[in-house]
Each structure stands twice: as C-alpha cells, then as structure tokens.
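Asker: Following is a predicted model, sequence given first.
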Amino acid sequence: MARISLISPESANDEVKEIYEKTLRGKPGNVQKALAHRPEMLKNFLSFYASVGRSLDRKLYELIYLRVSFLNRCHYCTQHHVASSKRVGLTAEDWSALKGGDDSRFSEKERAALLYIEKLTRTPQDITDADVALLRKQFSESEIVDIHLLAGLANLTNRFTDPLGLELEFPEEKV
C-alpha cells in the first residue's frame, strides 16, 4: 500500500488533470499519481523521462533500466520495464541473466554498457578514466551521456517507487 496518497484523476486539480489527459492519455500510473503532489515536478519529470536515453538503441535502453532496477531490487521499476522490454524482444531468459549479472548472452557493446552501469550504480566514486575509455570504444559521447543519465534516472525512480510503497497497476510477471 502506498505510503502517501495518490492523486486520482477525479481529485486532481486542473493542471494535473490536463497532464493526465494530454500527456498520459488519461492513464496515469501510480508513479505519476504520487508525483502529482508536485504538479510542476510531474510535468518536468515526464518531459525529462521521455528525453533520456533517446540516442541509445531501445533494447539497450531496456537492458540498462532493468539491470539497474535488479541491482537495486526495485520491484515496481523492474515490473514496468519487464513489460516494456517485451516490445523490444527481451525474454524471460534475458531477464534472468540480467537479474543474475550474467551478461554472456548479450553483445560486446551491450556488455560494455552493462558492466559500466553496474559500477556506476554500486560504486560511482570508483569510475576511472579507463572505465570511460572502454565505453568510448563502443559509444559516441552523446551515447555516453545518455548511458549516465539513464542509469541515474533508473536509480532515481528505484528510490522513489518502492520506498513509497507504490503498487503495480497490472499483474506481476515472475522474474
């Protein structure tokens, strides 16, 4: 059960109702209903969320978001990205590998990003020039920026959703 109230479309103020209708097509999730306590943040967050990671292949985007969410044991974000990862062809075997830290089934480029974001999530203070040099072999600078922002975004949502007790809006997938 959520640890704060969630703002339903019926109880939302006009500003939030407009965001719910126009941006979210009338289907706000629990994370948006929690963010609605801060309408300006909700609006800015949705815009930011939509812009992060767009220089990356969508499969890599989902691999990164899932791996960070598994590292942080964030149920809400894991479940949301398991659902969206199906659209880019990820399978139960891929989810299991990500959860267990086994990147052998992924491409060299994907492995480079997964290795990096694990270090970025667990021990960001230990990132070195050599770590970034390994990324540079596979990614452009704009992609490296997106890798950082996406890992940061996943860490942010992981620290917002589960700690606030946000419940899934759909049936759970076993991972």
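Answerer: Yep, that arrived. Numbering: from 1, shown residues only.
Asker: just checking, next helix/strand downstream of the host helix or strand of V31?
Answerer: In this assignment (DSSP states H and E), V31 forms part of helix 30-35. Sequence-wise, the next helix or strand downstream of helix 30-35 (DSSP H and E) is helix 39-51.
Asker: Tell me how far that following helix lies from the chain's centre.
Answerer: 14 Å (Cα atoms, centre = their mean, to the nearest Å).
Asker: Just the buried residues of that helix, please?
Answerer: 39, 42-43, 45-46 (16 or more other Cβ atoms under 10 Å). (Each C-beta comes from the backbone N, C-alpha and C, glycine too.)
Asker: now stretch 101-114
Answerer: 103, 106, 110, 112-114.
Asker: which of these lies closest to E18?
Answerer: Comparing the buried residues of stretch 101-114 against E18 with Cβ to Cβ places A113 closest, at 36.6 Å.
Asker: Was I right to think that closest one contacts D146?
Answerer: No - the pair A113 / D146 is not scored as a contact, 10.0 Å apart, by Cβ atoms under 8 Å.
Asker: what number of residues lie near P124?
Answerer: 12 (other Cβ atoms under 10 Å).
Asker: Quick one, grab the pLDDT at F45.
Answerer: F45 carries a pLDDT value of 98.
Asker: now the residue lying closest to it once chain neighbours are set aside: how far from V16?
Answerer: Computed as Cβ to Cβ, 6 or more residues apart in numbering, the closest residue to F45 that is not its neighbour in sequence is L35, at 5.8 Å. Using Cβ to Cβ, to the nearest Å, L35 is found at 9 Å from V16.
Asker: before we move on, what about G100?
Answerer: 40 Å.
Asker: For the two, indicate the residue with more neighbours.
Answerer: Using other Cβ under 10 Å as the criterion, G100 and V16 rank with V16 on top: 23 against 9.
Asker: From Y116, how far out is the residue lying closest to the more buried one once chain neighbours are set aside?
Answerer: Nearest non-adjacent residue to V16, counting by Cβ to Cβ, 6+ apart: A36, 4.7 Å away. Distance, A36 to Y116, using Cβ to Cβ: 34 Å.
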